[in-house]
Every structure is written in structure tokens, then in C-alpha cells.
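**Student:** quick check, what structure comes out for this input:
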Amino acid sequence: MTRRNPSATGSSMARTVDDSMIEYEYIVDRADALQWVSDHWLSFAAENEAVGMEPELIIGRSLWDFISGAETRHLYEHLFSRARESNASVAIPFRCDSPAARRFMRLEIQPGRDRQLRIVVRVDREEVRDPVALLELSQARTGEWLTMCSWCRRIMVGEQWKEVEEAISDLGLFAGDPLPTISHGVCPGCYDGVMAL
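**Tutor:** Just a heads-up that it's a prediction; the model follows:
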């Protein structure tokens with residue numbers, strides 16, 4: 001993957017993934033308990049400040065312990081069921097942004113023996129942006145909540161789903177002030193797209 005300074009300023013810069021594209025993989029058993037995670041997956045979790053993701057702490061645990069939001073879990077359950085029942089791979093695009101980049105990714109669910117599933121995640125491209133404080137885990141938080149779509153990373157503002165930068169502007173959120181806590185849901189467009197598979 002091509003690397004650039006994540007703190008670069010100005011307009012977003014696209015990074016494309018080369019032929020040696022990294023894959024982040026894990027395997028769940030028929031009961032959706034984690035059986036194996038790749039080294040790249042562990043590195044990705046660490047880079048994104050995930051806590052308690054050492055193999056000895058997660059192997060054998062239910063995947064659902066790590067997925068927040070009832071709607072998000074429902075969509076994963078739908079995709080898992082689809083892959084198992086059709087005995088064919090299911091793939092769908094999604095976003096997994098960091099404070100300093102928009103990451104356009106692809107989730108592929110591959111059925112295996114005894115109803116195991118191999119989940120493979122690839123980064124198709126990244127767009128570097130000025131860091132967004134709202135997405136930084138270390139930021140002080142208020143008791144207020146914002147809902148972010150788990151699939152496209154847009155934020156609900158009133159009855160509309162907006163890109164994070166637009167939501168921050170509309171809501172008058174400024175770095176340095178305590179920021180709302182982010183909860184995860186699924187916007188109608190992403191929900192309908194996943195359920196149509």
C-alpha cells in the first residue's frame with residue numbers, strides 16, 4: 001500500500017492499493033466464534049487504537065462481542081447466512097475511516113467446511129484528509145450522542161446522513177471542545193443495499 005504523510009493538509013489525496021494489496025483476515029466457526037486472525041488484522045486493530053485485541057484474549061470468543069449496534073449485527077448475520085446457505089462468497093463495499101483518511105474497503109465472506117467462514121477485508125483506496133478530531137478516540141466526550149453509519153461512515157444530522165466534515169460544520173463541533181460520543185447504526189441506503197444481497 002502506498003504511504004503518505006497522514007497529517008498532510010489541503011485537498012484530499014487519493015492513495016490506491018498496488019498489486020501487493022494487504023488483506024485483513026479472520027475465521028469464525030459455525031457458531032461465529034473467532035478461530036484465527038491474521039497478523040495484518042492484528043496490526044490494523046493496533047494502529048486504530050483497538051484495546052484488548054491480543055490473540056489470547058479474542059480467539060474462541062464470539063464475533064458478536066466485537067460488533068456494536070443491533071442493526072450492524074443484523075446485517076453481518078444476514079451476510080453470514082447468505083454465504084453459508086448459498087455456499088458462495090459474498091462481497092460488499094464499505095468504509096472504515098481513520099481520523100486522517102477515508103478508507104474505501106471491500107468485505108468478502110467465504111464459506112468453508114463445517115459452516116466455517118473466512119472473512120477477508122481489503123482496502124481498495126484511501127483518501128488522505130486533515131485529521132478529524134471527532135473520530136479520535138482520545139478526545140474528551142460529552143454526554144450527547146451522534147449516530148454514525150457502520151457501512152458508509154456518514155453521520156445522522158436531523159433526518160439526513162452527511163459526511164463527517166459536513167456534519168461537524170452543521171452541528172458546530174470544534175476541536176478542543178468536548179465532542180459527542182459516536183454510536184453506530186446503519187443508514188437506510190446501506191441497510192437496503194446489504195439486505196438486497
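**Student:** tell me where this protein has strands.
**Tutor:** For the chain, strands defined by DSSP state E occupy the ranges 13-16, 23-28, 34-37, 90-95, 101-111, 117-128, 141-149, 155-157, 160-162, 179-185.
**Student:** can I get those strands in TSV including distance to residue 63, mean neighbour count and mean pLDDT?
**Tutor:** Every C-beta, even on glycine, is put in place using the N, C-alpha and C of the backbone. TSV is the format used below for these (distance: least, C-beta to C-beta, whole Å; neighbours: other C-beta atoms under 10 Å; pLDDT from 0 to 100):
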stretch	distance to residue 63	mean neighbour count	mean pLDDT
strand 13-16	29	13	50
strand 23-28	5	18	94
strand 34-37	6	16	94
strand 90-95	16	16	97
strand 101-111	12	18	96
strand 117-128	9	18	95
strand 141-149	20	15	94
strand 155-157	25	19	97
strand 160-162	26	16	98
strand 179-185	15	16	94
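**Student:** which among the ones you listed is found nearest to residue 69?
**Tutor:** Residue 69 lies closest to strand 179-185 among the strands of the chain, at 4.0 Å (C-beta to C-beta).
**Student:** about what we covered before: could the strands of the chain go into TSV alongside distance to residue 46?
**Tutor:** Listed next are the strands of the chain as TSV, based on distance: least, C-beta to C-beta, whole Å:
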stretch	distance to residue 46
strand 13-16	20
strand 23-28	12
strand 34-37	12
strand 90-95	20
strand 101-111	16
strand 117-128	15
strand 141-149	22
strand 155-157	26
strand 160-162	30
strand 179-185	20
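**Student:** grab the longest helix from the protein for me.
**Tutor:** Longest helix in the chain by number of residues (criterion: DSSP state H): helix 70-86.
**Student:** now do that one: distance to the chain's middle.
**Tutor:** Centroid separation for helix 70-86 versus its chain: 16 Å, with C-alpha atoms, centre = their mean, to the nearest Å.
**Student:** what packs against it?
**Tutor:** strand 90-95, strand 101-111, strand 117-128, strand 179-185, helix 188-195 (3 or more C-beta pairs under 8 Å, 6 or more residues apart in numbering; DSSP states H and E).
**Student:** ok, back up a step: and the strands of the chain: which comes nearest residue 55?
**Tutor:** Closest among the strands of the chain, once you apply C-beta to C-beta, is strand 34-37, at 6.5 Å.
**Student:** other residues contacting the closest one?
**Tutor:** 25-29, 55, 58-63, 116 (C-beta atoms under 8 Å, 6 or more residues apart in numbering).
**Student:** how close does the spatially most central residue of the chain sit to residue 140?
**Tutor:** Nearest to the geometric centre of the chain sits residue 96, at 3.6 Å (C-alpha atoms, centre = their mean). Between residue 96 and residue 140 the distance is 24 Å, computed by C-beta to C-beta, to the nearest Å.
**Student:** alright, I will stop here.
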